[in-house]
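K.L.:
Sequence first, predicted model second:
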Amino acid sequence: MGFQPAGGVKEFVKLDDTPAAFTGEAGKAAVVNAGEDALEFSAVALAQQYPVFTSEVLYNSTKNDTWEELDCGVGQAIVWLKIGKDATFSAQFSFLPYGYDVPT
């Protein structure tokens, strides 16, 4: 004998304690209401806006051993790569909140 569901609804919006529709709720989260007896849609409150993405990546120029910016498109991570003259290699991967500091 296999599992037999007991019935009920098959759609989230048809539950008794959920919002009746998704219309106008894009970008919001389903949260427990103040009465703790149903769900409602609410804007997500963030204490901090981390990480902030930048479209620039710093790289160590082989021209004069200085850090330079390279535009790589919005949403890219910040990665620092350094290749020494003696073929040593180091890398740092970071999400920095506001601006960036050049690693040494």
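P.N.:
Alright, I've got the coordinates. In this text, all values refer to a predicted model and were calculated from it rather than measured experimentally.

K.L.:
domain ranges for this protein?
P.N.:
Domain assignment for the chain, taken from automatic domain parsing, gives 1-45, 54-94.

K.L.:
quick one: which of these has the weakest pLDDT on average?
P.N.:
Lowest mean pLDDT within the domains of the chain: domain 54-94, at a mean of 56.

K.L.:
what packs against the helix or strand hosting residue 30?
P.N.:
Applying DSSP states H and E as the criterion places residue 30 in strand 29-32. Using 3 or more Cβ pairs under 8 Å, 6 or more residues apart in numbering; DSSP states H and E, the elements in contact with strand 29-32 are strand 39-42. Heads up, the C-betas are built off the backbone N, CA and C, glycines and all.

K.L.:
Only the buried residues of the strand it packs on, if you could.
P.N.:
Using 16 or more other Cβ atoms under 10 Å as the test for burial, strand 39-42 gives 40, 41.

K.L.:
and if you look at stretch 19-35?
P.N.:
So, applying 16+ other Cβ under 10 Å, buried residues of stretch 19-35: residue 19.

K.L.:
Between the two ends of that stretch, what distance do you get?
P.N.:
End-to-end span of stretch 19-35 (Cα to Cα, to the nearest Å): 15 Å.

K.L.:
just the CA coordinates of the strand holding residue 30, formatted as PDB?
P.N.:
C-alpha atoms of strand 29-32 as PDB (Å, rounded to 0.1, in the frame of the first residue of the first chain):
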ATOM      1  CA  ALA A  29       9.400  37.800   1.400                       C
ATOM      2  CA  ALA A  30       6.600  35.700   3.000                       C
ATOM      3  CA  VAL A  31       6.800  36.400   6.800                       C
ATOM      4  CA  VAL A  32       4.800  35.500   9.800                       C
END
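
K.L.:
Next, the contact list for the closest residue in space to residue 38 that isn't next to it in sequence, please.
P.N.:
Among residues not flanking residue 38 along the chain, residue 17 sits closest, at 4.0 Å (Cβ to Cβ, 6 or more residues apart in numbering). Counting by Cβ atoms under 8 Å, 6 or more residues apart in numbering, residue 17 touches 37, 38, 39.
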